[in-house]
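A.B. asks: return a 3D structure for these sequence lines:
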Amino acid sequence: MKNAIAIRFDYSDNRKNPEDILLILSEYVKFYKNIGIISLSSINEKNSAQFDLVSLQDGSAIAWIRCKISNWENFIFNSAEDLADYLDDNPEIATGEDLEAASTFLSNSVAKNADQSLVTEPYIDMEQLGKVLSDYSVLNSKLYPEESASIGIGQPGDSDFSKFKTLTKCFVFTGNIVDMLSNEIKHHKRSSKFYVHVPVNKGHNVWRLEELLTENHFAVRVINSDWLESYQSGFIDPIGPKDLMEAVIEYDEIITNISKKKIRKQIRNAKILEVIDITRNRGEQNDLF
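C.D. replies: Got it, this is the predicted structure:
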């Protein structure tokens with residue numbers, strides 16, 4: 001039998017209402033799933049965030065679930081476990097800066113755990129993360145002092161929970177997500193010159209660009225399908241690390257006001273609409289990105 005993810009609620013003997021037990025367990029399952037959705041959405045894999053209930057187990061209240069796309073199972077669990085470790089050390093989110101720090105941590109965790117599956121720079125939806133962590137804070141307030149929750153990987157029906165990660169009950173979200181963040185979205189369409197980080201004549205239609213003028217790095221999807229097919233078929237010479245591609249790009253710039261003195265800008269939904277020209281800077285082709 002395949003492994004599954006266990007969400008365990010170790011409830012008090014004094015909790016007599018079975019509806020309360022199942023409700024709290026379901027809220028922990030929802031919390032775990034939401035972290036999976038946020039993590040996968042950050043790398044444009046939101047549609048992969050689908051889960052099946054494998055079984056329920058008594059003793060403690062335990063839900064065993066699996067991601068329908070098994071390749072993402074460990075990725076989701078590791079990201080959730082990393083975030084749980086972070087919340088152990090950072091038990092309160094009160095400001096936009098606190099939320100940004102948690103978002104940055106989760107983004108780094110996603111990049112680490114995605115490994116070879118990563119085709120775009122992670123973008124964590126800070127507002128969605130804030131709502132999920134706020135709900136988690138409320139959930140913590142519902143526990144009796146002797147109760148706890150944990151997550152782990154194993155075989156459904158296992159009774160050894162010694163390696164499970166206990167979720168902190170001390171975490172509180174004391175800020176107001178509406179007051180913390182305000183977003184502005186600007187749409188841009190322009191031509192510019194870029195260094196291209198992409199395997200020679202291979203890969204998919206998501207590339208990483210470095211803009212010559214701004215030195216910004218971002219992921220971009222090539223939607224000029226005829227040009228991309230010619231490039232991947234070898235009819236266009238490989239783009240080297242020192243070559244410059246002039247192209248028309250389109251993207252959204254998301255400007256998040258974290259505080260009066262701090263804003264965060266991120267590029268999303270970037271597309272190459274047209275490749276105008278490639279200026280060749282001939283040299284060794286072995287050190288491609």
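
A.B. asks: where in the stretch 51-200 of the chain is pLDDT low?
C.D. replies: The stretch 51-200 of the chain contains residues with pLDDT under 70 at 115-120, 198-200.

A.B. asks: 50 - rerun?
C.D. replies: For the stretch 51-200 of the chain, no stretch has pLDDT under 50.

A.B. asks: list the contacts for Lys33?
C.D. replies: By Cβ atoms under 8 Å, 6 or more residues apart in numbering, the contact list for Lys33 reads Ala49, Phe51, Ile65. Any C-beta I mention is one placed from the backbone N, CA and C, and that applies to glycine too.

A.B. asks: residue contacts, the first one?
C.D. replies: Ala49 makes contact with Lys33, Gly36, Ile37, Leu40, Ser41, Cys67, Trp72, Ile76 under the criterion Cβ under 8 Å, 6+ apart.

A.B. asks: and the gap between it and Asn74?
C.D. replies: Counting by Cβ to Cβ, to the nearest Å, the gap from Ala49 to Asn74 is 14 Å.

A.B. asks: ok, the second one next?
C.D. replies: The spacing between Phe51 and Asn74, counted by Cβ to Cβ, is 14 Å.

A.B. asks: which residue of these two possesses the greater neighbour count?
C.D. replies: Phe51 (18 against 15; other Cβ atoms under 10 Å).

A.B. asks: how about the nearest residue to the more buried one, chain neighbours excluded?
C.D. replies: Closest residue in space to Phe51, ignoring its immediate chain neighbours: Ile65 at 5.0 Å, by Cβ to Cβ, 6 or more residues apart in numbering.

A.B. asks: am I right that the one you found falls within a strand?
C.D. replies: Yes. When DSSP: H, G, I helix; E, B strand; the rest coil is applied, Ile65 is found to be in a strand.

A.B. asks: I'd guessed it sits against Arg8; true?
C.D. replies: No. If you go by Cβ atoms under 8 Å, Ile65 and Arg8 don't touch, sitting 11.8 Å apart.

A.B. asks: of the two, who's got more company?
C.D. replies: It is Arg8, of Ile65 and Arg8, that has more neighbours when counted by other Cβ under 10 Å, with 23 against 20.

A.B. asks: quick one, what contacts the more buried one?
C.D. replies: Contacts of Arg8 by Cβ under 8 Å, 6+ apart are Ser60, Ala61, Ile62, Ala149, Ser150, Ile151, Gly152, Phe161, Phe164.

A.B. asks: how near is the last one to Val172?
C.D. replies: So the one you mean is Phe164. On the measure of Cβ to Cβ, Phe164 and Val172 end up 23 Å apart.

A.B. asks: check the fourth one too.
C.D. replies: Counting by Cβ to Cβ, the gap from Ala149 to Val172 is 16 Å.

A.B. asks: ok, these two, which is more surrounded?
C.D. replies: Ala149 (26 against 17).

A.B. asks: which residues does that one bridge with?
C.D. replies: Beta bridges link Ala149 to Phe9, Leu167, judged by DSSP bridges.

A.B. asks: from memory it sits against Tyr11, does it?
C.D. replies: No. Using Cβ under 8 Å, Ala149 is not in contact with Tyr11, being 9.3 Å away.

A.B. asks: which non-adjacent residue is nearest Tyr86?
C.D. replies: Tyr86 sits nearest to Phe105 (Cβ to Cβ, 6+ apart), 5.0 Å away.

A.B. asks: may I see the buried residues of the helix or strand where that neighbour lies?
C.D. replies: Phe105 belongs to helix 96-114 when elements are defined using DSSP states H and E. Of the residues in helix 96-114, 96, 98-100, 102-103, 105-107, 109-110, 113-114 count as buried by neighbour count, 16 or more other Cβ atoms under 10 Å.

A.B. asks: who touches Met245 in this structure?
C.D. replies: Going by Cβ under 8 Å, 6+ apart, the list of residues near Met245 reads Lys193, Phe194, Tyr195, Val196, Ile239, Val275, Asp277, Ile278, Thr279.

A.B. asks: out of the residues you listed, which are buried?
C.D. replies: The neighbour-count criterion (16+ other Cβ under 10 Å) marks Lys193, Phe194, Tyr195, Val196, Ile239, Val275, Ile278 among the contacts of Met245 as buried.

A.B. asks: distance of the residue nearest to the spatial centre of the chain relative to Thr214?
C.D. replies: The centre of the chain sits closest to Ser39, judged by Cα atoms, centre = their mean, with a distance of 2.4 Å. Applying Cβ to Cβ, the value for Ser39 to Thr214 is 28 Å.
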